[in-house]
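> Here is my input; please provide its structure:
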Amino acid sequence: MRAILCRRLDGPAALTFEEVAEPTPGLDEVTIDVRAAALNFADILMTRGTYQEKPTLPFTPGMELAGRVRAVGADVAGFELGERVLAVVDHGAFAEVAKARAVDVVPIGDAVADDVAAGFPIAYGTAHGALAWRAGLRAGETLLVHGAAGGVGLTAVEVGVAMGARVIATARGAERLELARRRGAAATIDTASEDVRARVLALTENRGVDVCFDPVGGELGEISLRCLAWEGRYLVIGFAAGDLPTIKANRLLVKNVAAIGFYWGGYRRRDPARLAAGLTTLLGWYAEGRLHPHVSRRFPLAEAAAALAQLEQRRSTGKVVLDVG
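This next block holds a predicted model:
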């Protein structure tokens, strides 16, 4: 089969497209004929050796995919050959055939397109898990979402709306903000030209927001702590800005606010059943028309390096997907 390989930790530009041996499933695993694979910022970090999980070289990047079941291990039940599924893997999705643990594979039926399904689990799973499990977002609360036109930020806007929150979205530029508005944001803030804290306070009558969902970090993260209302919750999702925000303990103390980390992938080892249940809920919302996944660009598998470069340069909105099948 053909696959993308990372042979040295020099970033996406060093990736190669090669013929490699096809994987075979272990006792509790499934192999999948990949039709589409979605890109994540973590893929870029992994190719540089700066992600928290470091595969042994050489490896194939890619953490989420959609396709059809090719083969199953001896201890696997409940899947039919040729069945349409999505899956999350540690790495290996950027290939014509990928291997996944059976607990990480979810049937999708015929209602979800391959490119949509490939980019569904991590972004929507992260938004839902962070807001529902960690922040306890309640209907009627105000949610501030940073990076609201990006892969995970845009899903947080939709999930927040689906949970009954009033959503304030931040992004750079009118086009990105319009995308967030179309997904249900009640108000928007342009981080390129507006004072975020002043606008948040104006939009909330000086009260602040109940929850902040932050996949950006850096200076914006530091500002976010000052935007929280009494007993507000600041969700640390990622650091797309490249810098870690400084969280000052006194700011947590004065308003009884909380800074909460959320790494969706951690649940794959500690509580996979919870992840599966969350994805079932989200796929149900999608079937009901409450979620509208946005795939902005599609690239052929051989152009994975160019696709990752676009993601790193923030020239995309929503999800970027590799067309494999």
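> Can you tell me, leaving aside adjacent residues, what's nearest to residue 130?
residue 262 (4.1 Å; CB to CB, 6 or more residues apart in numbering). (Each C-beta comes from the backbone N, C-alpha and C, glycine too.)
> let me fix that: residue 200
Among residues not flanking residue 200 along the chain, residue 227 sits closest, at 4.4 Å (CB to CB, 6+ apart).
> which ones are touching that neighbour?
Applying CB atoms under 8 Å, 6 or more residues apart in numbering to residue 227 gives the contacts 144, 196, 197, 200, 201, 208, 209, 212.
> which of these are buried?
For the contacts of residue 227, a neighbour count by 16 or more other CB atoms under 10 Å gives the buried set as 144, 196, 200, 201, 208, 209, 212.
> Just say helix, strand or coil for residue 129.
Here residue 129 is recorded as helix under DSSP: H, G, I helix; E, B strand; the rest coil.
> and it, how many residues sit next to it?
21 (other CB atoms under 10 Å).
> so what's the closest residue to it other than its chain neighbours up against?
Leaving aside its chain neighbours, residue 129 sits nearest to residue 264 (5.4 Å; criterion: CB to CB, 6+ apart). Contact analysis of residue 264 by CB under 8 Å, 6+ apart lists 122, 125, 126, 129, 130, 275.
> mind saving the C-alpha coords of the helix or strand hosting residue 68 as PDB?
Assigned by DSSP states H and E, residue 68 belongs to strand 64-72. The C-alpha trace of strand 64-72 is given here as PDB (Å, rounded to 0.1, in the frame of the first residue of the first chain):
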ATOM      1  CA  GLU A  64      -8.500  10.200  12.600                       C
ATOM      2  CA  LEU A  65     -10.000   8.600   9.500                       C
ATOM      3  CA  ALA A  66     -13.000   7.100   7.800                       C
ATOM      4  CA  GLY A  67     -13.300   4.100   5.600                       C
ATOM      5  CA  ARG A  68     -14.500   0.500   5.400                       C
ATOM      6  CA  VAL A  69     -13.600  -2.500   7.600                       C
ATOM      7  CA  ARG A  70     -11.000  -4.600   5.800                       C
ATOM      8  CA  ALA A  71     -10.200  -7.300   8.400                       C
ATOM      9  CA  VAL A  72     -10.800  -7.900  12.100                       C
END
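> Out of the buried ones among the contacts of residue 227, which comes closest to residue 59?
Nearest to residue 59 out of the buried ones among the contacts of residue 227 is residue 212 (CB to CB; 34.4 Å).
> before we move on, what SS does the spatially most central residue of the chain have?
For the chain, residue 123 is the residue whose C-alpha lies nearest the centre (CA atoms, centre = their mean; 2.6 Å). The three-state assignment at residue 123 reads helix, by three-state DSSP.
> That one is in contact with residue 157, isn't it?
No: if you go by CB atoms under 8 Å, residue 123 and residue 157 don't touch, sitting 11.2 Å apart.
> Return the set of buried residues in whichever strand or helix holds residue 305.
For residue 305, the host element (DSSP H and E) is helix 304-312. Applying a neighbour-count criterion of 16+ other CB under 10 Å, one finds 304, 305, 307, 308, 310, 311, 312 buried in helix 304-312.
> Ignoring the adjacent residues along the chain, who's closest to the first one?
Meaning residue 304. Residue 304 sits nearest to residue 4 (CB to CB, 6+ apart), 4.6 Å away.
> try the fifth one
Sequence neighbours aside, residue 316 is the residue nearest to residue 310 in space, at 5.4 Å (criterion: CB to CB, 6+ apart).
> likewise the fourth one?
Among residues not flanking residue 308 along the chain, residue 12 sits closest, at 3.8 Å (CB to CB, 6+ apart).
> Kindly list the main-chain dihedrals of the one you found?
Torsion angles at residue 12 (phi, psi; degrees, to the nearest 10) stand at phi -60, psi -30.
> Quick check: it touching residue 310?
No: between residue 12 and residue 310 there is no contact under CB under 8 Å: 9.8 Å.
> what bits of the stretch 201-325 of the chain have low per-residue confidence?
Low-confidence segments of the stretch 201-325 of the chain (pLDDT under 70): none present.
> switch to 80 and redo it
In the predicted model, the stretch 201-325 of the chain carries pLDDT under 80 at residues 240-242, 314-318, 325.
> in it, which spans are helices?
For the stretch 201-325 of the chain, helices defined by DSSP state H, counting those that start in this stretch occupy the ranges 218-225, 249-254, 267-270, 272-287, 304-312.
> so which of these gets nearest residue 50?
Each of the helices of the stretch 201-325 of the chain has some distance to residue 50 by CB to CB; the shortest is helix 304-312, at 12.4 Å.
> Give the other helices and strands that the closest one contacts.
When contacts are defined as 3 or more CB pairs under 8 Å, 6 or more residues apart in numbering; DSSP states H and E, helix 304-312 packs onto helix 41-48, strand 295-300, strand 319-323.
> want to throw these into TSV with distance to residue 232 and mean neighbour count?
Below are the helices and strands packed on helix 304-312 laid out as TSV (distance: least, CB to CB, whole Å; neighbours: other CB atoms under 10 Å):
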stretch	distance to residue 232	mean neighbour count
helix 41-48	26	20
strand 295-300	31	16
strand 319-323	29	24
